[in-house]
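Peer 1: A predicted structure for the sequence below; I have some questions about it.
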Amino acid sequence: MSDEKHSIFQNLNSTIIVGAVFAAVVSEYIHPHPYGLYFFPSLRMEIGGKTIHIHHWILALGILAVYARYPFKNIYANSLTLGALIGILAQGVSYSTAHWILYDEELYAEARYAGKRSVAE
């Protein structure tokens, strides 16, 4: 049993693509938006009278940071896990409202459902 550190990028194979595509497609359909299935509601927190929206891509980024410290040693498990986290992250930042952290329900709904890119337009 060794204590050597492993990088999440050391042992990858093409399975990373399967993980990324699968996770991106699944997260597209289970996350709340006009054609989603609404399995998981958006995570919001009230802090000092402001509503903070924790996007799923932020959660994936946090999990990726933890996973980087403790990756799977199995090449297939590592590739699938890293691919899935990258797929969720990429799908999340593709939203036009991905950069909105302070949540304003009216502006958010207007931009999301009308297809606007930003409030300034």
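Peer 2: Structure received.
Peer 1: name the element the closest residue to His55 other than its chain neighbours belongs to?
Peer 2: In this structure, His55 finds its nearest non-sequential neighbour in Gly92, 5.7 Å apart by C-beta to C-beta, 6 or more residues apart in numbering. Every residue, glycine included, has its C-beta placed from N, CA and C. Using DSSP states H and E, Gly92 maps to helix 75-93.
Peer 1: What is that helix packed up against?
Peer 2: helix 15-30, helix 56-69 (3 or more C-beta pairs under 8 Å, 6 or more residues apart in numbering; DSSP states H and E).
Peer 1: Quick one: work out the angle between that helix and helix 15-30.
Peer 2: With axes from the mean of the first three to the mean of the last three C-alpha atoms, to 10 degrees as the basis, helix 75-93 and helix 15-30 are set at 40 degrees to each other.
Peer 1: Provide the angle between the direction of helix 75-93 and the direction of helix 56-69.
Peer 2: Using the same axes, to 10 degrees: helix 75-93 against helix 56-69 is 150 degrees.
Peer 1: got a list of contacts for helix 75-93?
Peer 2: 8-9, 11-24, 27-28, 55-58, 60-61, 63-64, 67, 71-72, 98 (C-beta atoms under 8 Å, 6 or more residues apart in numbering).
Peer 1: Pull out the CA atoms of that helix and give them to me as PDB.
Peer 2: The C-alpha coordinates for helix 75-93 follow below in PDB (Å, rounded to 0.1, in the frame of the first residue of the first chain):
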ATOM      1  CA  ILE A  75      -8.800   4.000 -15.200                       C
ATOM      2  CA  TYR A  76     -12.400   3.500 -16.200                       C
ATOM      3  CA  ALA A  77     -13.900   4.800 -13.000                       C
ATOM      4  CA  ASN A  78     -11.600   7.800 -13.100                       C
ATOM      5  CA  SER A  79     -12.400   8.500 -16.800                       C
ATOM      6  CA  LEU A  80     -16.200   8.200 -16.200                       C
ATOM      7  CA  THR A  81     -16.200  10.400 -13.100                       C
ATOM      8  CA  LEU A  82     -14.000  13.100 -14.500                       C
ATOM      9  CA  GLY A  83     -16.000  13.000 -17.800                       C
ATOM     10  CA  ALA A  84     -19.300  13.300 -15.900                       C
ATOM     11  CA  LEU A  85     -18.100  16.300 -13.800                       C
ATOM     12  CA  ILE A  86     -16.700  18.000 -16.900                       C
ATOM     13  CA  GLY A  87     -20.000  17.300 -18.800                       C
ATOM     14  CA  ILE A  88     -22.100  18.700 -16.000                       C
ATOM     15  CA  LEU A  89     -19.800  21.800 -15.700                       C
ATOM     16  CA  ALA A  90     -19.800  22.400 -19.500                       C
ATOM     17  CA  GLN A  91     -23.600  22.000 -19.800                       C
ATOM     18  CA  GLY A  92     -24.200  24.300 -16.900                       C
ATOM     19  CA  VAL A  93     -22.000  27.200 -18.100                       C
END
